[in-house]
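> Fold the following, please.
(2 chains)
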Protein chains: 2
Amino acid sequence: MAGRALILFAHGARAESWKAPFERLRGLAQARMPDVQVSLAFLELMEPRLPAEVARLAQQGVADITVVPVFLGQGGHVLRDLPLIADELRAAYPGMVIKVVGAVGEDPDVLNAMTDYCVAAAKS
Amino acid sequence: MAGRALILFAHGARAESWKAPFERLRGLAQARMPDVQVSLAFLELMEPRLPAEVARLAQQGVADITVVPVFLGQGGHVLRDLPLIADELRAAYPGMVIKVVGAVGEDPDVLNAMTDYCVAAAKS
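Residues are numbered from 1 along each chain as shown, chains lettered A, B, ... in the order given. Now for the predicted structure:
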């Protein structure tokens, strides 16, 4: 399938249970965008890693990939590791557009939803 | 001040920039609940750690603390490390109620806000 893809890029963890909200997020985003392939990729500890996922999409002829860092804070993983990986992937797949956006935790609406959750928790 | 407190418990990171959305979340929650002390505490790499923050609140006479794990996934840190720390704190401060709720990333409204962000990123 030629076309577009969205990769939800997360840290990864040893506990398989950790992945659950990321899989729910993937399903919710996929349901909203049936014409975009939505998949997960991880920095470490879980598969697939980001380069393997981009390679898989490239084999399918995907030419336009958006990477959303599903991280709360923008630390070394988002500010240093991810740009390096993205640059390597752009060099390896010169015909592909690979766009990396800001971390989800920096989004005001996400912060507002987290605020609502915290306030409700404190009052319960 | 006797009363209640809300601790936003996050992982911590080496990069100081990582903390920014957690500080914004703290400010937003504090603004919504002027009668509750809202503070940050970390598992590692940043200060204060959770035990130090609970000790500080105990000295002020706070008797009721809610801990919100500001994590996306519930892995070892949320499922294993945090309950152990909380149990130690409950033993150390028997007069204090320490409630730990689920991770913010498990909340449906937070997931929906993240979905909106991902969909907008893919379409931009």
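
> Show me the strands in chain A, by range?
Ranges of strands in chain A, per DSSP state E, are A:3-10, A:36-42, A:62-69, A:97-100.

> JSON lines for those, including distance to A:Glu53?
For the C-beta atoms, the positions are set from N, CA and C on the backbone; glycine is no exception. Below are the strands of chain A laid out as JSON lines (distance: least, Cβ to Cβ, whole Å):
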{"stretch": "strand A:3-10", "distance to A:Glu53": "6"}
{"stretch": "strand A:36-42", "distance to A:Glu53": "4"}
{"stretch": "strand A:62-69", "distance to A:Glu53": "9"}
{"stretch": "strand A:97-100", "distance to A:Glu53": "11"}
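
> Show me which of those strands has the highest average neighbour count.
strand A:3-10 (a mean of 23; mean count of other Cβ atoms under 10 Å in any protein chain shown).

> got a list of contacts for that one?
If you take Cβ atoms under 8 Å, 6 or more residues apart in numbering or on different chains as the criterion, strand A:3-10 is touched by A:19, A:22, A:25-26, A:29, A:33, A:35-43, A:46, A:50, A:53-54, A:57, A:61-71, A:82, B:72-73, B:118, B:121-122.

> Now that strand - C-alpha only, CSV.
Presented in CSV, the C-alpha positions along strand A:3-10 are these (Å, rounded to 0.1, in the frame of the first residue of the first chain):
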residue,chain,number,x,y,z
GLY,A,3,0.5,6.1,1.3
ARG,A,4,0.8,7.5,4.7
ALA,A,5,1.6,6.0,8.1
LEU,A,6,1.6,7.2,11.7
ILE,A,7,4.0,5.7,14.1
LEU,A,8,3.4,6.0,17.8
PHE,A,9,6.9,6.0,19.3
ALA,A,10,7.1,5.0,22.9
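
> tell me how far it is from the chain's mean position?
6 Å (Cα atoms, centre = their mean, to the nearest Å).

> Let me see the mean pLDDT of it.
Strand A:3-10 comes out with an average pLDDT of 96.
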